[in-house]
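Enquirer: Starting from these lines, generate the structure:
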Amino acid sequence: MHKITDFLQERREKEKHYLVDGKRAIASSNLNSLSFISIASLVLVAFDLVCAFLLMGIRPSTPQIVLLVATAAFAAAANLYRIKAKKPSPKIVLALSLAFELSVLILIIFIDIIYSKEVPALYMPIVITALASGLFFSRKMTNIIQVSYVAIYIFADLMAKVDYEWVWKYDVCTALIGFAFATVVSIHHRNSLISEYTTKMKYKSLSQRDPLLENIYNKRGYEDAIDNYLTSNNPNCNCAFIVLDLNDFKHINDNYGHDMGDQILRCMSDTLVSLFRDSDIIGRFGGDEFIVLADGLCDEDAVEKKCRYIAELIGRKAQETGAIKVFSSLGAVLCENQSVDFERLFEIADKAMYEAKERGRKADQFILRRYTDEDEEA
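Expert: Take a look at the predicted model:
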């Protein structure tokens, strides 16, 4: 029993991380799926209408025509957005996916029930299963959509076909079977995507770690991590961004050797990792230049104390390695409940760090700025 509980807990944790860290991956996957599904739906609906008219002389009903137009509109919107958007917005893709799924499901209810009273329902089990295998939503949202749709479908079917005894035997039964199949397909689809993403992130993480300091990100790694962070938190970002640089590091390498320089870099890395949380982002973008993005840290006094303690602790640990006393220059930027662009964020922090360095290299220096975009500065 404990093994089952642990397994389910592990799956929930992986899904939680996927929903937070993989927003762009989910958006890209859903946009590709929406593009394919909408085009496929358009072709299938058109084929169904043509066959029904040619073989049985059945003219298209109003909901069928609306469904044809709706699938064409979604196909156009999804493909145009996929072509134009370099980085699809998770919010826009989610809105498009939900609108498509709900529109199709509502129209299928009208087609299967309102305009087909005399015959058993046909499309609902197929459509709900197909949608479950194509579009990814959170477990909660998926359950709400599927349960609500089947409940409304059965209720509407029973009300519309109250005079037919076979409605329980066929429509309700097939609706429940369709729901069961859609649930199984949805679970499999979700687990497959999460497992694929987890494996991909595992190998990606290895390529994003600094070759010397394996406990922090390299340039590529922290840029991806910060991009994901800003995607998840904009336009209400609360964080501190810190750029840290040692003064006269070249002098240490030249006079004490590169092994000593590497030891000091490890001291810097270990110090930063010990002072920040796992959820914060720590990286190295140059020889002795480091960055930190601390989520939720936007109090001026707290940031100043943190930065001064970082410099003090690095200096103390560096001396313990046998090197001379080292001094640090730090530039920090506070972002409080605002939309943040990473290039602008780095520009402000880097400029503050160099201004701190110009104050004097024989002491720890620190400058704090608040985030502003270029328009505000102008």
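Enquirer: C-alpha from now on. contacts and neighbour counts both.
Expert: Will do.
Enquirer: shaky segments in the chain?
Expert: 1-4, 6-8, 10, 117, 119, 166, 199-214, 321-324, 374-378 (pLDDT under 70).
Enquirer: buried ones in the helix or strand encompassing residue 369?
Expert: Using DSSP states H and E, residue 369 maps to strand 365-370. Buried residues in strand 365-370, counted by 16 or more other C-alpha atoms under 10 Å: 365-369.
Enquirer: Could you do stretch 31-45 as well?
Expert: 31-39, 41-42, 45.
Enquirer: One more: stretch 305-321?
Expert: Quick answer for stretch 305-321 (16+ other C-alpha under 10 Å): 307-308, 310-318.
Enquirer: Identify the residues contacting that stretch?
Expert: With C-alpha atoms under 8 Å, 6 or more residues apart in numbering as the test, stretch 305-321 has contacts from 260, 263-264, 267-268, 271-272, 275, 324-330, 364, 366.
Enquirer: before we move on, the earlier item: got JSON lines for the buried residues of stretch 305-321, with distance to residue 156 too?
Expert: As requested, the buried residues of stretch 305-321 are exported to JSON lines (distance: C-alpha to C-alpha, whole Å):
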{"residue": "307", "distance to residue 156": "63"}
{"residue": "308", "distance to residue 156": "67"}
{"residue": "310", "distance to residue 156": "65"}
{"residue": "311", "distance to residue 156": "68"}
{"residue": "312", "distance to residue 156": "70"}
{"residue": "313", "distance to residue 156": "69"}
{"residue": "314", "distance to residue 156": "69"}
{"residue": "315", "distance to residue 156": "73"}
{"residue": "316", "distance to residue 156": "73"}
{"residue": "317", "distance to residue 156": "72"}
{"residue": "318", "distance to residue 156": "74"}
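Enquirer: and residue 65, how many residues sit next to it?
Expert: 14 (other C-alpha atoms under 10 Å).
Enquirer: Skip ahead from the helix or strand hosting it and say which helix or strand is next.
Expert: If you go by DSSP H and E, residue 65 is part of helix 62-84. Remark: after helix 62-84, the chain's next helix or strand is helix 90-109, criterion DSSP H and E.
Enquirer: That following helix to helix 62-84, inter-axis angle?
Expert: Using axes from the mean of the first three to the mean of the last three C-alpha atoms, to 10 degrees, the direction of helix 90-109 lies 160 degrees away from that of helix 62-84.
Enquirer: thought residue 175 was touching residue 124?
Expert: Yes: counting by C-alpha atoms under 8 Å, residue 124 is a contact partner of residue 175 at 6.9 Å.
Enquirer: Distance-wise, check residue 22 relative to residue 224.
Expert: 11 Å (C-alpha to C-alpha, to the nearest Å).
Enquirer: cool, and residue 348?
Expert: Residue 348 is 19 Å from residue 224, by C-alpha to C-alpha.
Enquirer: Same question for residue 83.
Expert: From residue 83 to residue 224 the distance is 22 Å (C-alpha to C-alpha).
Enquirer: Who has more neighbours out of the two?
Expert: Per other C-alpha under 10 Å, whichever of residue 83 and residue 224 has more neighbours is residue 224, with 13 against 9.
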